[in-house]
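*Asks:* What shape does this take:
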Amino acid sequence: MRRLRKVKIVATLGPASNDYEMIRALFEAGADVFRLNMSHGDHAEIRVRHEIIRQIEKDTGRPIAILADLQGPKLRVGQFADKEGVDLQVGQDFRLDLDDAKGDAKRVQLPHKEIFDALEPGASLLVNDGKIRLKVKDCGRDFADCEVVVGGVISDRKGVNVPDVVLPLAALSEKDRKDLEFVCQLGVDWLALSFVQRPADVEEARKLADGRAAILSKIEKPTAVSSFDDILAASDGIMVARGDLGVELPVQNVPPIQKRLIRKCRAAAKPVIVATQMLESMIDSPMPTRAEVSDVATAIYEGTDAIMLSAESAAGDFPIEAVTTMNNVAIEVESDANYLDIIAAQRGGKKHTVADGIVVAAREIAETTDIQAICCFSQSGTTALLVARERPHVPTIALTSLMGTARRLCLSWGMQCVLTGEVDRFKMAVVSAARAARETGIATEKDQIVVTAGVPFNQPGTTNILRVAPVEERLIFAADP
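*Replies:* Residues are numbered from 1 along each chain as shown. Here you go, the predicted structure:
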């Protein structure tokens, strides 16, 4: 089941995609990675979904990546005496405090002492996805007196965003710690970390994961954008989480940030997902808007590794249609000659290692001669990630004997992941690569492929060999007596 596009599709599972038949249909429609949202569903439900994905993986013979998205700390106001809430008017005063008495038109509880410890006069507080904006006039250890800058109805348990300050809150709540341990024991491949503000947040999650899953940082706060280089260095991958990012920053700031983060991830050879509201209207419509199609296409033109569906596939009425639409848009964009020019123009960055030189040479040979595919042997995934960074025009195959590596690479641009037996000689690696190229339908016995690997085998970061080889095994052995 070869994909006809190189960008990957992440589909979130939920009530609308909760059984074998639907999840299998989503995979066949084009989903490469399945997201388990730990904000919804208990551990029993998450376990069932995980088991279904692994069964589909077994039935289809193709590695499938599973991403568990941790909830992160949720900041919310308390409750109101009037269940309908209160209507805040522009210019009025409104207090947030630690008092657990039910709120009214003058005040409400904000049960997060950490926020008051960090607030300063002039800071902004955003309520209900930014629909209400408050400006802090005065504050102390247990209160914040605010002016209503943008009014609206505020009611029970509405979320609060604090864009102007670094909050003294860990990215992992007690719930997140329990969820992290649970999904790592299940065997997920990626952990998406919410509420990242600093590299230390990533390191805490990495220590708890202890190598059982790769760490993907969600960029959804202005502080994460300003500290992005350090967060990227500490992470295995990035998600541009445009939902909260668009709440805490002016919406016009998000597109250039998205473009900038994608390019930095690519230069670092780390996968990046563009997420949130990509096909939002398809929650209840079988057809997307033209603007949504353009948004998906823009992310693909920018060279993102993956595009993601959230509620569209988790709770919408048309989950299969949403995945199919993303797949079709991707195929069309990647067939555009302008796409190849744009992707090529974005290559660059400093490259100093032997591994860098090998993968650049592999791409250039493949694109200037009659080569059908680049095949890379990669136990740790490093070689494959470097090849993906180059965004070659020809198909790419990642071969590994480690199922965990194959699954994680399902998130990386262009990678067709194939599980092979262990090899200890480069000749056998070439034979395995030729066989994989034939079996995936990428090449025939008359074609040639480029093979890259690190010798000695099974040592991460040793990419040091490249060979142009015939696909026909008889010729391979004739060339290597």
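*Asks:* tell me the contacts of L208?
*Replies:* For L208, the contact set (Cβ atoms under 8 Å, 6 or more residues apart in numbering) comprises 172, 177, 180-181, 184. Just so you know, the C-beta spots here come from the backbone N, C-alpha and C atoms, and that holds for glycine as well.
*Asks:* want to throw these into TSV with secondary structure and neighbour count?
*Replies:* As requested, these are arranged in TSV below (DSSP: H, G, I helix; E, B strand; the rest coil; neighbours: other Cβ atoms under 10 Å):
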residue	secondary structure	neighbour count
L172	coil	22
R177	helix	15
L180	helix	23
E181	helix	14
C184	helix	17
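*Asks:* biggest separation within the residues you listed, which pair?
*Replies:* The distance between the two most remote of the contacts of L208 (Cβ to Cβ) is 12.9 Å, for L172 and C184.
*Asks:* Checking E114 next. Helix, strand or coil?
*Replies:* helix (DSSP: H, G, I helix; E, B strand; the rest coil).
*Asks:* if I look at it, how far off is V160?
*Replies:* The gap separating E114 from V160 is 12 Å, by Cβ to Cβ, to the nearest Å.
*Asks:* more neighbours, the two?
*Replies:* Per other Cβ atoms under 10 Å, whichever of E114 and V160 has more neighbours is V160, with 18 against 14.
*Asks:* Next up, phi/psi of the more buried one, please.
*Replies:* Note on V160: backbone dihedrals following degrees, to the nearest 10 are phi -120, psi 130.
*Asks:* Verify the contact between it and D129 for me.
*Replies:* No - contact between V160 and D129 fails when scored by Cβ atoms under 8 Å: they sit 10.2 Å apart.
*Asks:* any idea where the strands of the stretch 201-350 of the chain begin and end?
*Replies:* In the stretch 201-350 of the chain, strands defined by DSSP state E, counting those that start in this stretch lie at 214-219, 237-241, 272-275, 306-309, listed in chain order.
*Asks:* Redo the ones you listed as a markdown table? Include mean neighbour count.
*Replies:* Conversion of these to a markdown table gives the following (neighbours: other Cβ atoms under 10 Å):
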| stretch | mean neighbour count |
| --- | --- |
| strand 214-219 | 25 |
| strand 237-241 | 26 |
| strand 272-275 | 28 |
| strand 306-309 | 26 |
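*Asks:* now these in CSV, with mean pLDDT and distance to T444?
*Replies:* Listed next are these as CSV, based on pLDDT from 0 to 100; distance: least, Cβ to Cβ, whole Å:
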stretch, mean pLDDT, distance to T444
strand 214-219, 98, 35
strand 237-241, 98, 34
strand 272-275, 98, 34
strand 306-309, 98, 30
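*Asks:* Out of the ones you listed, flag the one nearest P470.
*Replies:* Within those, the stretch nearest P470 is strand 306-309; the backing value is 33.3 Å (Cβ to Cβ).
*Asks:* what pairs with that closest one, and is each one parallel or antiparallel?
*Replies:* With DSSP bridges as the test, strand 306-309 is paired with strand 8-13 (parallel), strand 272-275 (parallel).
*Asks:* could these be laid out in a markdown table, adding distance to Q379?
*Replies:* Listed next are these as a markdown table, based on distance: least, Cβ to Cβ, whole Å:
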| stretch | distance to Q379 |
| --- | --- |
| strand 8-13 | 21 |
| strand 272-275 | 23 |
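*Asks:* of those strands, which approaches N327 most closely?
*Replies:* Using Cβ to Cβ, those put strand 8-13 closest to N327, at 6.5 Å.
*Asks:* Centre of the chain to stretch 332-351, how far?
*Replies:* Distance, stretch centre to chain centre, for stretch 332-351: 21 Å (Cα atoms, centre = their mean, to the nearest Å).
*Asks:* Any buried residues in that stretch, and which?
*Replies:* 333-334, 339, 342-343, 346 (16 or more other Cβ atoms under 10 Å).
*Asks:* Among these, which are located in helices?
*Replies:* 333-334, 339, 342-343 (DSSP state H).
*Asks:* show me where the stretch 51-200 of the chain has helices.
*Replies:* Remark: helices assigned in the stretch 51-200 of the chain by DSSP state H, counting those that start in this stretch are 113-118, 174-186, 199-209.
*Asks:* what's the closest of the ones you listed to N18?
*Replies:* Closest approach to N18 among the helices of the stretch 51-200 of the chain (Cβ to Cβ): helix 174-186, 16.5 Å.
*Asks:* Would you mind pulling the contact partners of that closest one?
*Replies:* Residues contacting helix 174-186 (Cβ under 8 Å, 6+ apart): 36, 38, 43, 46-47, 50, 68, 70-73, 172, 191, 194, 205, 208-210, 212-213.
*Asks:* so what's the closest residue to D117 other than its chain neighbours up against?
*Replies:* The spatial neighbour of D117 that comes closest, neighbours along the chain excluded (Cβ to Cβ, 6 or more residues apart in numbering), is P168 at 6.1 Å. For P168, the contact set (Cβ under 8 Å, 6+ apart) comprises 114, 117-118.
*Asks:* coming back round to it: among the contacts of helix 174-186, name the buried ones.
*Replies:* Applying 16+ other Cβ under 10 Å to these flags 36, 38, 46-47, 50, 68, 70-73, 172, 191, 194, 205, 208-209, 212-213 as buried.
*Asks:* Pretty sure A362 sits against T452.
*Replies:* Yes - with contacts counted by Cβ under 8 Å, A362 reaches T452, the gap being 5.3 Å.
*Asks:* Same drill for the two, tell me which one is more crowded.
*Replies:* The residue with more neighbours, out of A362 and T452, is A362; 28 against 25, by other Cβ under 10 Å.
*Asks:* The more buried one falls within a helix, correct?
*Replies:* Yes - assigned with three-state DSSP, A362 falls within a helix.
*Asks:* mind checking how far it is from F27?
*Replies:* Distance from A362 to F27, by Cβ to Cβ: 30 Å.
*Asks:* Ok, D341 next?
*Replies:* Computed as Cβ to Cβ, the D341 to F27 distance reads 32 Å.
*Asks:* Need the pLDDT of the residue lying closest to H393 once chain neighbours are set aside.
*Replies:* With Cβ to Cβ, 6+ apart as the criterion, H393 has its nearest non-adjacent residue at 5.3 Å, and that residue is E367. On the pLDDT scale, E367 is placed at 92.
*Asks:* and E367, how many neighbours?
*Replies:* By the measure other Cβ under 10 Å, the count of residues near E367 is 15.
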